[in-house]
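Colleague: just to be clear, the model below is a prediction. Sequence and coordinates:
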Amino acid sequence: MRRIPIVTKNLLIINVLAFLAMYVFKSRIDLNDVFGLHFILASDFRIYQLVTYMFMHASFEHIFFNMFALWMFGCVVENMWGAKKYLFYYLACGIGAGLFQELAQYVTYMVDNLAAYQTVSLNGITIPMGAYLNQMTTVGASGAIYALLLAFGMIFPEERIFIFPIPIPIKAKWFVIFYAALSLVMALTTTGGNVAHFAHLGGMVFGFFMIKYWQRHPYGSSTIDSGQQFFDNLHSKWGKKYHRPKETKREEPKTERETDWDYNARKQREQQEIDAILDKIRKSGYDSLTAEEKQKLFDSSNRR
């Protein structure tokens, strides 16, 4: 857990604790009913549910696959963007996904003209319309997770990933396009069911426009190079416990005695050393590095 970036780690912890609390207190109170996102016209709707719903889950399979995707893609995106930008993106897209789901439910409400009915027959049982509307509840982090899939695909479109059960690696951009198309088709053709396809699609839509805005208005000091370097070393770094030194070295500016030629030559030698270390990682893994090489790699990443 110490190798997982701080925001992703805390999101994983909060989701798991909320899921465990749901089971611990289920005999006394239904936490999914309290914190899940109710239909906006239902009596149980609360504005805070647009945030809390994304930390609640309906089943073990639901939370397992969401948390696996959060761990898999969130770590890369957070290291690319930094904690604050990543957290803002995650929460904003989760809220956006909830708004999309509310809109879809409202359209259904209007198309079916539910306002004209006092009761609804559900599985042979007649229930008041108010109780029926309160059952239209959404839980899960899937909207925010789908936004992370989109971010990964837009940051690293050419990276190849394995997706079970497909036996060959596919490029991230095709993976994202496939899931977006699947969500759209399922949202338009599936009636009933317990999967909020419009929430998935909404998370991607909000994420797409947010990333496009950031591309036109650069945010902070994060660069694609730093994210790509992290991605190249992702597997090796997760497989090795590494303690950062208490103090980090920063790049020293050119001194008065150092000529431009000497400065450029020194920078070129340093870059060649880093390139050689990265090649060694690609061929033999992070564990093959010496302590000195690890220190040089760490110092270089902090100067970016």
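Modeller: Noted; the coordinates are in hand.
Colleague: show me where this protein has strands.
Modeller: 37-38, 119-122, 125-128, 137-138, 160-161, 170-171 (DSSP state E).
Colleague: make TSV from the ones you listed and add distance to Leu20 and mean neighbour count to it.
Modeller: Just so you know, the C-beta spots here come from the backbone N, C-alpha and C atoms, and that holds for glycine as well. Below are these laid out as TSV (distance: least, Cβ to Cβ, whole Å; neighbours: other Cβ atoms under 10 Å):
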stretch	distance to Leu20	mean neighbour count
strand 37-38	20	27
strand 119-122	30	12
strand 125-128	31	11
strand 137-138	20	24
strand 160-161	30	14
strand 170-171	35	14
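Colleague: tell me which of the ones you listed sits nearest to Asn113.
Modeller: With Cβ to Cβ as the criterion, Asn113 lies closest to strand 119-122 of the strands of the chain, at 12.1 Å.
Colleague: same for the closest one, what does it pack against?
Modeller: Contacts defined by 3 or more Cβ pairs under 8 Å, 6 or more residues apart in numbering; DSSP states H and E place strand 119-122 against strand 125-128, helix 129-134.
Colleague: send the alpha carbons of that strand over as CSV?
Modeller: Written as CSV, here are the backbone C-alpha positions of strand 119-122 (Å, rounded to 0.1, in the frame of the first residue of the first chain):
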residue,chain,number,x,y,z
THR,A,119,-49.3,3.6,-7.6
VAL,A,120,-47.0,1.2,-9.6
SER,A,121,-47.3,-2.5,-10.0
LEU,A,122,-43.9,-4.0,-9.4
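Colleague: can you list contacts of stretch 86-105?
Modeller: The contact list for stretch 86-105, computed with Cβ atoms under 8 Å, 6 or more residues apart in numbering, reads 5, 7-8, 11, 37, 39-40, 49-51, 53-54, 74, 77-78, 81, 136, 138, 141-144, 146-148, 151, 187, 196, 198-203, 205-207, 210.
Colleague: and those, which are buried?
Modeller: Buried subset of these (neighbour count, 16 or more other Cβ atoms under 10 Å): 5, 7-8, 11, 37, 39-40, 49-50, 53-54, 74, 77-78, 81, 136, 138, 141-144, 146-148, 151, 187, 196, 198-203, 205-207, 210.
Colleague: related to what we said a few turns ago, relative to Met67, which of the helices and strands packed on strand 119-122 is closest?
Modeller: It is, among these and with distance given as Cβ to Cβ, helix 129-134, at 27.7 Å.
Colleague: just the CA trace of the closest one, in CSV.
Modeller: C-alpha atoms of helix 129-134 as CSV (Å, rounded to 0.1, in the frame of the first residue of the first chain):
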residue,chain,number,x,y,z
MET,A,129,-45.4,6.1,-6.5
GLY,A,130,-43.3,7.8,-3.8
ALA,A,131,-41.9,4.5,-2.6
TYR,A,132,-41.2,3.5,-6.3
LEU,A,133,-39.3,6.7,-6.9
ASN,A,134,-37.2,6.1,-3.8
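Colleague: pLDDT of that helix, averaged?
Modeller: The average pLDDT within helix 129-134 is 90.
Colleague: ok so, going back, which of the contacts of stretch 86-105 fall in helices?
Modeller: 7-8, 11, 49-51, 74, 77-78, 81, 142-144, 146-148, 151, 187, 198-203, 205-207, 210 (DSSP state H).
Colleague: distance to Gln272 for the helices and strands packed on strand 119-122 - can I get that in CSV?
Modeller: Formatted as CSV, these follow (distance: least, Cβ to Cβ, whole Å):
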stretch, distance to Gln272
strand 125-128, 72
helix 129-134, 65
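Colleague: which among those is found nearest to Gln271?
Modeller: Checking these against Gln271 by Cβ to Cβ gives helix 129-134 as the closest, at 61.6 Å.
Colleague: now do that closest one: which elements does it pack against?
Modeller: If you count contacts as 3+ Cβ pairs under 8 Å, 6+ apart, helix 129-134 packs onto strand 119-122.
Colleague: for the strand it packs on, which strands pair with it and how are they oriented?
Modeller: strand 125-128 (antiparallel) (DSSP bridges).
Colleague: what does the partner strand rub up against?
Modeller: Residues from elsewhere that reach strand 125-128 (Cβ under 8 Å, 6+ apart): Gln118, Thr119, Val120.
Colleague: got the domain ranges for this protein?
Modeller: The chain breaks down by automatic domain parsing into domains covering 6-216, 233-303.
Colleague: tell me which of these sits most buried.
Modeller: Sort the domains of the chain by mean neighbour count, taking mean count of other Cβ atoms under 10 Å, and domain 6-216 sits at the top with a mean of 17.
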